[in-house]
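Asks: Sequence plus predicted model, see below.
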Amino acid sequence: MSAGNVMRLPALPVQTGSVIHVGISKGQLLTGGLTVFPTNTNNNHHSRRAFLKATLATAGGLAIANWGALFNSETIAQEARRSNKRCILLWANGGASQIDTFDMKPGRPTGGPFRPIQTNVNGIQICEYMPLLARHVDKLAMIRSMRTQSPDHPDGIYHMHTCYKQSERMPHPEIGAMIAKYLGNPDSDLPSFIRMGSTGNAGSGYLGPRYEPFHLGSDGRLPYFSAPLVTPAVQDRRSELLDFMEQERASRSGAEAFESHRLAEQRALRLMRTRQVFNIDSEWQRAQERYGSTSFGRCCFMARKLIENGVPFVEVGQENYDSHADNFVCHKANMDVLDPAWSGLLTDLAERNLLANTLVVWMGEVGRTPYINNRAGRDHFIRAWTIVLAGGGVRGGQVYGATDRDGREVANDPVSEGDLFATIYTALGINPRVRHFVGARPIWATPEGARALRPLLA
Amino acid sequence: MNVTIARSLAILAIVFYTSPLHGQTAAFADAKLLCTLPWDADWVTAVSFVGNDRVAAGNKQGSILVWNLPASDSEKAPPPARLLAGHTNEITRLLTTPDQKTLISSSLDRTIKYWDADGETTKVALVVLNERARYEAETRKRKIPDPIEARAGVQRHSRELTGHKDWIVNLAMTPDGKTLVSGADKVDGKVKEGEVIVWDLPAAKEVKRIKLGGWPWGLAISPDARTIIASERIPLVFDSGARSGLKIWDVETGKIKADMSKELKERMCSAAYSKDGKYLVVLRGGESGGLSGKITLLDPATGKKLRETNPGHLDGGTDLAFHPDAKHIFSAGRDTLVKIWRIEDAKHIRDIGQGRGGQFKDWICAISISPDGRRLATADMAGMVHVWALSK
């Protein structure tokens, strides 16, 4: 068999009913013009796989990914894609203090040393160390009444990336994977879910490896090993050969892990064709004036570039918020980084007419206590904290909910993780109650009872 | 042989017991609490003697109280005599000029203020000395204690320095009282810079401005006003010393004279020159675990490390001061202790106070030693000023 024959292998999956299977039937001879049969021609084999899937998904808590094939949601995805919406998540890793940023309590014992400043919206004040962002508050929708359930880092990070508790034994997809599925362009060579810095780690969960995040370095650069060693033509031949061999192996063994590996390979190879998108060195020289000369600023600039190139979801993590000790100097240092980066991003998106279609979310896994401990720190707090949305799909210049005078409790309009995600999905044109199946089990994008916060939506 | 040894020991004992060193050590051994001045409105963050018989303290809210101290521990703790009103944010440092006529304060409100030690009071204010305890009882729905009230004369500042545009975190002055130096966080909104301003203290005029590579923390000026030492920090959670610097600057040229950043990577919260300029000491601060709050003695000319005290304060130091005898250093830390060290060999002499238990329990924010060296004042997170008699 020549390499030329191998190159003619079909890349498209074959659909049988509502189940999509990709592969070559066991024992099939590959010669020249290739014929592909659905794998369920081998009934015994199919039954065993189905059984194993169901067993693992329910008893073991590990969902065998169906790569989206079991989901009756392609129509929804097509509908959502038409909205051309995008999302950038600015992740405050460790949990930022709401009282020191967007829900200040000046003059109160919980207030701390920061002082509020006026913004470009009458009646809304934010911390003095975000003077640049204060000029963009007309674009921000602040939710000051988050009341969530997961108080620590691992569970909080999971919960605030999936809107489901980590204790549930179902691997839920992160928000990035969900958005990648519904807003991503399947034909794009760029990944549809990209992240940089300290971020979530739940991955694509039951949506499968197609929607796994692609990680850039914490400075927004491609990994060093991504540079190709051979010419594109040679690389294409190699990849197609590899593709064939992996399909063949998968069909013989029936192991889904090969599918995951094969998809990762494919994505990597496609990515190499577009690697120039990630080269922002020359532009960064000028852009850092706006974004601030920091890694986080550079990542925010990269996020704008990726959004501009059609990537539907980019997450940028900012480290250093978990200030159980020395909270104020740490937050001051963080705001020095956050303020130019975030405001630069909003300015850039607005100037390029991207903001109306790009939702920018700022949040972490927890808030921080109103009480200042005797390490000059603030600890984790989930009873009353703040998340900020901006841009596409939300109405800026407003505050949703409120806390009491010391920030200890939500005074009105409490918002749950599910409510937040329902709002984000709705703003992006994704049905928050879209249903997926893992095995026979239905799962919804947001938990039952979650409701979009209508006053926030444009 | 035995007789020879016995004679030698006897001579050594006589030498030791008749030496000035023994006298001082014994004096510190007699240290006892003179009085506790409760001010539980918030953390008390700065303290300074004004003369030998008055003490001023500032807190996180920006208030400064002045007490007239009792002569002995048998007297009842006095109420505050004055309220120095004008700052609007945390007091970071209090210093008194060598003539004891002026108190100088720095604050996160970005100003430095001068206060006449015997300035006129304009009115009387009611100060609630257990304000925080009442608030906490209220928020926890417990019985609210009765207010402990005191009436204090309100005094305004006499001068103000407004050259800094961000948090002023430290102050130092020369022993002649002619030069003041202040350190503040970032300049002009740029990320991670700091600045030091050298002031003509009597004239209240800026003399020199030096830009630092990070936010300043520990700061001191040499007695001849020719050099300053400043530590720089870029705060990071749990690893505050990860990006830090320690440099000696030439005041006239504004250039770095010695850079100790590589040798001393830790974040230094406090620095001081001895009055004679022979010694330069820095204290490690910031929460970094273990007995990390050590003092390092440096050669003032080169910055070269000479000696280090050991063990340090648990979980970092907070403040240090030379005793007027020029032989001892006092340091305070997050372990709620004051430690006394002998300069010549960096030996630990003794602790004053007790660790209050628990993790990072209400650390001592600042200390001050009276000009005659007979009293020590400490200010702490618990909202108290303790005054210790160091010698009879």
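Replies: Noted; the coordinates are in hand. Numbering: from 1, shown residues only, chains lettered A, B, ... in the order given.
Asks: Does anything pack onto the longest helix along chain A? Which helices or strands?
Replies: In chain A, taking DSSP state H as the definition, the longest helix is helix A:327-351. Where contact means 3 or more Cβ pairs under 8 Å, 6 or more residues apart in numbering or on different chains; DSSP states H and E, helix A:327-351 is packed against strand A:86-92, helix A:281-291, helix A:295-308, strand A:313-318, strand A:358-363, strand A:385-391. Quick note: C-beta positions are derived from backbone N, CA and C, even for glycine.
Asks: Can you show me the strands along the stretch 151-300 of chain B?
Replies: Along the stretch 151-300 of chain B, the segments classed as strands by DSSP state E, counting those that start in this stretch run B:159-161, B:168-173, B:179-184, B:194-200, B:205-212, B:215-221, B:227-233, B:244-250, B:256-259, B:268-273, B:280-284, B:295-298.
Asks: In TSV: the ones you listed, plus mean pLDDT, mean neighbour count and distance to B:Arg334.
Replies: What follows is the strands of the stretch 151-300 of chain B, written out as TSV (pLDDT from 0 to 100; neighbours: other Cβ atoms under 10 Å in any protein chain shown; distance: least, Cβ to Cβ, whole Å):
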stretch	mean pLDDT	mean neighbour count	distance to B:Arg334
strand B:159-161	98	15	30
strand B:168-173	97	24	17
strand B:179-184	98	26	21
strand B:194-200	96	21	23
strand B:205-212	96	16	25
strand B:215-221	95	26	15
strand B:227-233	95	27	16
strand B:244-250	94	22	17
strand B:256-259	97	16	28
strand B:268-273	96	26	10
strand B:280-284	96	27	11
strand B:295-298	96	23	15
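Asks: Turn these into a markdown table, columns for distance to chain A.
Replies: Output for these, formatted as a markdown table (distance: least, Cβ to the nearest Cβ, whole Å):
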| stretch | distance to chain A |
| --- | --- |
| strand B:159-161 | 18 |
| strand B:168-173 | 9 |
| strand B:179-184 | 12 |
| strand B:194-200 | 12 |
| strand B:205-212 | 15 |
| strand B:215-221 | 7 |
| strand B:227-233 | 8 |
| strand B:244-250 | 12 |
| strand B:256-259 | 22 |
| strand B:268-273 | 11 |
| strand B:280-284 | 14 |
| strand B:295-298 | 21 |
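Asks: Relative to A:Leu355, which of those is closest?
Replies: Closest to A:Leu355 of the strands of the stretch 151-300 of chain B is strand B:215-221 (Cβ to Cβ; 33.5 Å).
Asks: same for the closest one, what does it pack against?
Replies: For strand B:215-221, the elements it packs on are strand B:168-173, strand B:179-184, strand B:194-200, strand B:227-233, strand B:268-273, strand B:280-284, judged by 3+ Cβ pairs under 8 Å, 6+ apart.
Asks: switch to 7 Å and redo it
Replies: Judged by 3 or more Cβ pairs under 7 Å, 6 or more residues apart in numbering or on different chains; DSSP states H and E, strand B:215-221 is in contact with strand B:168-173, strand B:179-184, strand B:194-200, strand B:227-233, strand B:268-273.
Asks: quick one on the thing from earlier: reformat the strands of the stretch 151-300 of chain B as TSV; add distance to A:Leu355.
Replies: Formatted as TSV, those follow (distance: least, Cβ to Cβ, whole Å):
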stretch	distance to A:Leu355
strand B:159-161	43
strand B:168-173	38
strand B:179-184	36
strand B:194-200	35
strand B:205-212	36
strand B:215-221	34
strand B:227-233	36
strand B:244-250	39
strand B:256-259	45
strand B:268-273	44
strand B:280-284	47
strand B:295-298	52
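Asks: sorry, back to before: what's the closest of the helices and strands packed on helix A:327-351 to chain B?
Replies: Between chain B and those, the shortest separation by Cβ to the nearest Cβ is 9.1 Å, and it involves helix A:295-308.
Asks: show me the contacts for B:Ala81.
Replies: By Cβ atoms under 7 Å, 6 or more residues apart in numbering or on different chains, the contact set of B:Ala81 is B:Val66, B:Trp67, B:Asn68, B:Ala152, B:Gly153.
Asks: same thing but at 8 Å, please
Replies: Counting by Cβ atoms under 8 Å, 6 or more residues apart in numbering or on different chains, B:Ala81 makes contact with B:Arg54, B:Val66, B:Trp67, B:Asn68, B:Ala152, B:Gly153.
Asks: cool, B:Val282 as well?
Replies: Counting by Cβ under 8 Å, 6+ apart, B:Val282 makes contact with B:Gly218, B:Ile229, B:Ser231, B:Leu246, B:Leu264, B:Met268, B:Ser270, B:Ala271, B:Ile295, B:Thr296, B:Leu298.
Asks: Against B:Gly194, how distant is the first one?
Replies: So that's B:Gly218. Computed with Cβ to Cβ, to the nearest Å, the distance linking B:Gly218 and B:Gly194 is 12 Å.
Asks: Which strand residues bridge A:Val415?
Replies: A:Met146 (DSSP bridges).
Asks: So it sits against A:Leu453, correct?
Replies: Yes - if you go by Cβ atoms under 8 Å, A:Val415 and A:Leu453 touch, sitting 6.6 Å apart.
Asks: For these two, list the residues in contact with both.
Replies: Residues touching both A:Val415 and A:Leu453 (Cβ under 8 Å, 6+ apart): A:Ile143, A:Tyr400.
Asks: near chain B, which residues of the stretch 1-150 of chain A?
Replies: Taking Cβ under 8 Å from any Cβ of the partner chain as the contact definition, the stretch 1-150 of chain A meets chain B at A:Gly94, A:Pro109, A:Pro113, A:Arg115, A:Pro131.
Asks: For my notes, confirm A:Ser239 occurs in a helix.
Replies: Yes - per DSSP: H, G, I helix; E, B strand; the rest coil, A:Ser239 lies within a helix segment.
Asks: give me the number of residues near it?
Replies: By the criterion of other Cβ atoms under 10 Å in any protein chain shown, A:Ser239 has 16 neighbours.
Asks: wait, isn't it in contact with A:Arg270?
Replies: No - in this structure A:Ser239 lies outside contact range of A:Arg270 using Cβ under 8 Å: 9.1 Å.
Asks: Quick check: neighbours shared by the two?
Replies: By Cβ under 8 Å, 6+ apart, no residue touches both A:Ser239 and A:Arg270.
Asks: hmm, back to that, closest one to A:Ala427 among the helices and strands packed on strand B:215-221?
Replies: Using Cβ to Cβ, the nearest of the helices and strands packed on strand B:215-221 to A:Ala427 is strand B:227-233, at 40.3 Å.
Asks: Direction included, what does that closest one pair against?
Replies: In the sheet, strand B:227-233 lines up against strand B:215-221 (antiparallel), strand B:244-250 (antiparallel) (DSSP bridges).
Asks: was I right about B:Ser222 contacting B:Pro300?
Replies: Yes - applying Cβ under 8 Å as the test, B:Ser222 and B:Pro300 come out as touching, 6.4 Å apart.
Asks: Which residues are in contact with each of those two?
Replies: With Cβ under 8 Å, 6+ apart as the test, B:Ser222 and B:Pro300 both reach B:Tyr273, B:Gly277, B:Leu280.
Asks: Return the set of residues that bridge with the last one.
Replies: By that I understand B:Leu280. Beta-bridge partners recorded for B:Leu280 (DSSP bridges): B:Tyr273, B:Leu298.
Asks: Tell me who's in contact with it.
Replies: B:Ala220, B:Ser222, B:Ile229, B:Ala271, B:Ala272, B:Tyr273, B:Ser274, B:Leu297, B:Leu298, B:Asp299, B:Pro300, B:Gly303 are the contacts of B:Leu280 under Cβ under 8 Å, 6+ apart.
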